[in-house]
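> next input, structure requested:
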Amino acid sequence: MTQATELVEGYRTGALSPVDATQAALDAIEQYDAQVNAFVLVDAEGALAAAKESESRWRAGRPLGPGDGVPTSVKDALWTNGWPTMRGSTMIDPAGPWDEDAPSVARLRETGAVILGKTTTPEYSWKGVTDSFTYGATGNPWDPTKTSGGSSGGSATAVGLGMGVWSLGTDGGGSVRIPAAFTGTVALKPTYGLIPLFPPSAFGTLSHAGPMTRTVRDAAALLDVVTGFDPRDWSAMPTPARSFLDGLDDGVAGLRIGFSADLGFVDNDPEVEALVRSAVDVLAALGAEVTEVDPGFTDPIDAFNVLWWSGAAKVLSGHIVDNRVDPGLRRVAELGAAYTASDFLDATAVRMELGTLMGRFHQQYDVLVTPTLPITAFPVGQDVPDGSASPDWTDWTPYTYPFNLTQQPALMVPCGFTVAGLPVGLQIVGNRHADALTLQVGQAYQAATDWHRLTPSLEAR
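You can find the predicted model right below:
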């Protein structure tokens, strides 16, 4: 599968065409989407028109930017001018008005990316799988009877099947990393504020936007496009001074990597743990100084749930909630509505303590490496795996949500497949603002392995 960086170089030399690349993405949507349900909206006519304009610019030697002509999708949680943003909900009026782009979508347009359409999300992106009353459930490229994960499940499945090269997702507790792990793709939750958000999320400063791709190099290239100050986001960071592609191939020799197989409190599927340990061995063989160590925190699930369920209560406040609302969202919103200001401040204190602990951890270790999830994809249409003792998605995502609390960059790369043929993911967590180094570690691992090159079962049929 051609990477975005390869497409752009081909456009520059004339060896490749934005029109051909866009048509290939649209053909993949036509071929696969009925089986996996990754898109809520596809604008084939508009995409081809944009691709033709891009081709003209490249021929004239005047591309708009480093993403000109790259076929891209956008999670239906980010505003898109002219298209409704339904967030998987029946509570939103599709009539709009829809007259403004989210900051990251605006940056895509400014670089000339070809926006194919919008991808699926559960209602208000509240959980770790992707299904909704509005659009149904999204399946996995490796087995459509399994979940894609969520909440950016449509985006992960789209890039996994070549239905566009780039996608933009959002991540409030793992929502780009969870589906990337389940689908064998790549996703980065960057440092909070690096990709501006507008309108702000009901889940507050837990929520990030992030690139979703097939390769680390493409994630870095997309990050270059969508970062940058935007006045609509009070917490937006300054525009980065250098490209995230600079130094990407510098390797890991001499880097200090802390590896935690379980964070001290997680039980892993044995196949998952074995594959993650093998991936860490690759990093060690590349010259990294690997130490097996737990960061030293207990499971912050209670604090996270207070913050997340409070956000769910905010989502439903002021709405007449009927049977066309996700029952799980309704349940946790009721829990969230019962929390007090003191509960919220106590959870915030846990969050700050965790951030301090991880800040100190990164004085000794450049990155922390963990599994991305302790399990592999389970049946589509379920919020939790069979036999789960809890109805909550946070019960099976213990490696992802801690780093939304701390706002650190966290990168997901595929690191193998189980005997059943399901992907397993490796998570690389960097210190706040060390996004470039986090990507560098992921690129070193990916350059030494071939997991990202394998063809999904659905595409191989």
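> residue 117 versus residue 454, what's the distance?
26 Å (C-beta to C-beta, to the nearest Å). The way it works is simple: take the backbone N, C-alpha and C, and place the C-beta from them, glycine included.
> residue 204 too?
Counting by C-beta to C-beta - residue 204 and residue 117 are separated by 28 Å.
> got a list of contacts for the top helix by length along the chain?
For the chain, the helix with the greatest residue count under DSSP state H is helix 341-364. Residues outside helix 341-364 that contact it (C-beta atoms under 8 Å, 6 or more residues apart in numbering): 256, 258, 295-297, 300, 302-304, 306-307, 310, 368, 402, 405-408, 430-432, 434.
> can you check stretch 384-395 too?
Residues contacting stretch 384-395 (C-beta under 8 Å, 6+ apart): 127-129, 173, 301, 304-305, 308, 328, 331-332, 375, 378-379, 383, 396, 401.
> may I have the strands that pair with the one helix or strand residue 167 maps to, each with its orientation?
Following DSSP states H and E, one finds residue 167 within strand 166-171. Applying DSSP bridges, strand 166-171 is found paired with strand 71-75 (parallel), strand 208-213 (antiparallel).
> do you know which of those strands lies nearest residue 110?
strand 71-75 (12.7 Å; C-beta to C-beta).
> grab the CA positions of the closest one and hand them over as CSV.
Written as CSV, here are the backbone C-alpha positions of strand 71-75 (Å, rounded to 0.1, in the frame of the first residue of the first chain):
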residue,chain,number,x,y,z
PRO,A,71,-6.8,10.9,0.1
THR,A,72,-8.0,11.5,3.6
SER,A,73,-11.0,10.8,5.8
VAL,A,74,-12.3,12.5,9.0
LYS,A,75,-14.0,11.0,12.0
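> need the residues that contact it.
With C-beta under 8 Å, 6+ apart as the test, strand 71-75 has contacts from 21-22, 24-25, 39, 47, 51, 80, 105, 108, 113-119, 121, 125, 152, 154-155, 158-159, 163-170.
> just those: which are in helices?
Counting by DSSP H, the part of the contacts of strand 71-75 found in helices is 21, 22, 24, 25, 47, 51, 105, 108, 154, 155, 158, 159.
> reformat these as JSON lines; add neighbour count and pLDDT.
Converted to JSON lines, the ones in helices among the contacts of strand 71-75 look like this (neighbours: other C-beta atoms under 10 Å; pLDDT from 0 to 100):
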{"residue": "21", "neighbour count": "24", "pLDDT": "98"}
{"residue": "22", "neighbour count": "26", "pLDDT": "98"}
{"residue": "24", "neighbour count": "18", "pLDDT": "98"}
{"residue": "25", "neighbour count": "27", "pLDDT": "98"}
{"residue": "47", "neighbour count": "25", "pLDDT": "98"}
{"residue": "51", "neighbour count": "25", "pLDDT": "98"}
{"residue": "105", "neighbour count": "24", "pLDDT": "98"}
{"residue": "108", "neighbour count": "26", "pLDDT": "98"}
{"residue": "154", "neighbour count": "35", "pLDDT": "98"}
{"residue": "155", "neighbour count": "43", "pLDDT": "99"}
{"residue": "158", "neighbour count": "38", "pLDDT": "98"}
{"residue": "159", "neighbour count": "32", "pLDDT": "98"}
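> how about JSON lines for those, with distance to residue 143 added?
Output for these, formatted as JSON lines (distance: C-beta to C-beta, whole Å):
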{"residue": "21", "distance to residue 143": "27"}
{"residue": "22", "distance to residue 143": "28"}
{"residue": "24", "distance to residue 143": "24"}
{"residue": "25", "distance to residue 143": "22"}
{"residue": "47", "distance to residue 143": "28"}
{"residue": "51", "distance to residue 143": "32"}
{"residue": "105", "distance to residue 143": "31"}
{"residue": "108", "distance to residue 143": "31"}
{"residue": "154", "distance to residue 143": "17"}
{"residue": "155", "distance to residue 143": "18"}
{"residue": "158", "distance to residue 143": "17"}
{"residue": "159", "distance to residue 143": "17"}
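> wait, which of the residues you listed is closest to residue 98?
Among these, residue 105 lies closest to residue 98 (C-beta to C-beta), at 11.3 Å.
> ok, the closest one - contacts?
74, 78, 79, 80, 81, 115, 168.
> distance of residue 111 from residue 403?
Distance of residue 111 to residue 403, given as C-beta to C-beta: 28 Å.
> more neighbours: these two, which one.
More crowded of residue 111 and residue 403, by other C-beta atoms under 10 Å: residue 403, with 25 against 20.
> could you pull out the strands for the stretch 1-150 of the chain?
Ranges of strands in the stretch 1-150 of the chain, per DSSP state E, counting those that start in this stretch, are 39-42, 71-75, 114-119, 131-132, 136-137, 139-140, 143-147.
> please pull out the lowest mean pLDDT helix or strand from this structure.
Using mean pLDDT, DSSP states H and E, helix 457-460 stands out as the lowest-scoring helix or strand of the chain, at a mean of 78.
> buried residues in it?
Neighbour-count burial for helix 457-460 flags 458, 459 (criterion: 16 or more other C-beta atoms under 10 Å).
> which residues touch it?
32, 35, 36, 141, 142, 143, 144, 161, 162, 421.
> now that helix - C-alpha only, CSV.
The C-alpha coordinates for helix 457-460 follow below in CSV (Å, rounded to 0.1, in the frame of the first residue of the first chain):
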residue,chain,number,x,y,z
SER,A,457,-7.9,-10.8,5.6
LEU,A,458,-10.8,-8.9,4.0
GLU,A,459,-8.5,-7.3,1.4
ALA,A,460,-6.8,-10.6,0.7
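> distance from that helix to the middle of the chain?
Between the centre of helix 457-460 and the centre of its chain there are 22 Å (C-alpha atoms, centre = their mean, to the nearest Å).
> again with stretch 77-95
In terms of C-alpha atoms, centre = their mean, the centre of stretch 77-95 is found 20 Å from the chain centre.
> 34 is where my numbering starts, stick with that
Will do, 34 is the new start, and the previous item becomes stretch 110-128.
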